[in-house]
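Undergrad: What follows is a predicted protein model with its sequence.
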Amino acid sequence: MQSFLLGLFLIAALLCPRPAAAVEPICGQYTLAFYELGVLYYRDVDGTAAGIDKDVVEELTRRTGCQFNTVVESRVRIWHQMSQQLLDLSVSGIATPEREKFAHFIPYFQTRNYALLRLELSNALPTPQAFLADATRKVGVVKSFKHGSFYDAWLQRLREQQRVVELADFETAVRMFKLGRVDAVLALPTSLIRLLQKEGLKDRIKVMDWAPQERLVHGLIVSRQRVSPADQQTLRAALAAMQADGSLYRIFKHHVGKDLAYDMQLTPLPN
């Protein structure tokens with residue numbers, strides 16, 4: 001009899017539904033801000049979003065399971081929101097000691113700035129020193145952008161002479177340049193490609209490589225407080241894997257061609 005009752009108990013235990021075990025999500029859900037600049041993020045003629053940063057984020061979603069609620073903001077608003085811990089993540093940011101107080105930076109490409117001069121000025125102002133020496137010349141820059149140690153030091157000297165015009169975005173800087181309100185603008189190659197195609201400036205400007213040794217490392221910007229340490233590590237590992245298996249290179253190549261894509265790769269791989 002005892003054996004019979006024991007058998008019934010075991011059958012009932014097997015048939016009785018058990019509470020499902022709690023399943024931890026692979027990665028959390030976060031708000032991520034894009035900003036429009038060159039081929040990093042832009043709208044096609046039909047309004048469809050495209051760009052390097054968009055493709056990188058989509059691949060991160062596929063690899064990590066992180067869910068990103070994406071928005072498009074100005075760079076100034078992004079940095080303000082990140083500093084106030086009101087935003088989880090953003091893209092292609094340059095680390096500084098001040099910014100690292102509120103965000104981690106996970107690198108995924110490198111590049112450098114070029115100075116754009118009107119063609120008629122390029123012979124008279126062939127060097128950054130020559131530009132500094134001509135007190136009548138001004139440069140337009142995007143407010144809150146960092147340009148690397150060389151250009152930031154150069155800009156500081158110009159600021160002391162009130163010769164830097166701070167503008168809201170790159171499109172406004174280009175417009176001021178075309179109108180002759182500024183004599184130079186600084187641009188990354190990822191901005192130059194669309195600039196030359198869209199603005200019809202190819203035969204009207206000279207691209208000056210005044211800082212050939214400069215390298216600006218751009219990274220995913222991750223809030224220290226709003227993104228969990230585990231998810232930060234998941235994103236870091238995913239970007240390192242994308243670098244190692246050539247996925248980042250293929251994304252770069254699609255948007256900028258193989259030569260520039262090769263130069264954009266990080267060496268060595270990020271930890």
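TA: Arrived safely.

Undergrad: State the helix or strand in which residue 151 lies.
TA: Under DSSP states H and E, the secondary-structure element containing residue 151 is helix 149-160.

Undergrad: residue boundaries of the helices in the stretch 51-200 of the chain?
TA: Defined through DSSP state H, counting those that start in this stretch, the helices belonging to the stretch 51-200 of the chain, from first to last, are 52-64, 75-83, 128-133, 149-160, 170-178, 189-199.

Undergrad: Of all the residues in the helix holding residue 151, which ones are buried?
TA: By neighbour count, and taking 16 or more other CB atoms under 10 Å as the criterion, the buried residues in helix 149-160 are 150-151, 154-155, 158. Just so you know, the C-beta spots here come from the backbone N, C-alpha and C atoms, and that holds for glycine as well.

Undergrad: Where among the helices of the stretch 51-200 of the chain is average confidence lowest?
TA: When the helices of the stretch 51-200 of the chain are ranked by mean pLDDT, helix 189-199 comes last with a mean of 79.

Undergrad: Figure out which of the helices of the stretch 51-200 of the chain is closest to residue 42.
TA: helix 189-199 (6.4 Å; CB to CB).

Undergrad: Buried by neighbour count: which residues of that closest one qualify?
TA: Counting neighbours by 16+ other CB under 10 Å, one finds that the buried residues in helix 189-199 are 189-196.

Undergrad: re earlier: with distance to residue 94 as added columns, please give the helices of the stretch 51-200 of the chain in CSV.
TA: Supplementary listing: the helices of the stretch 51-200 of the chain in CSV, determined by distance: least, CB to CB, whole Å:
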stretch, distance to residue 94
helix 52-64, 14
helix 75-83, 11
helix 128-133, 20
helix 149-160, 10
helix 170-178, 15
helix 189-199, 13
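
Undergrad: So which of those is nearest residue 112?
TA: With CB to CB, the closest approach to residue 112 among those belongs to helix 189-199: 8.0 Å.

Undergrad: Mind listing residues that contact stretch 218-238?
TA: Residues outside stretch 218-238 that contact it (CB atoms under 8 Å, 6 or more residues apart in numbering): 26-28, 30, 56, 60, 63-64, 66, 78, 82, 85, 87-95, 99, 102-111, 239, 270-271.
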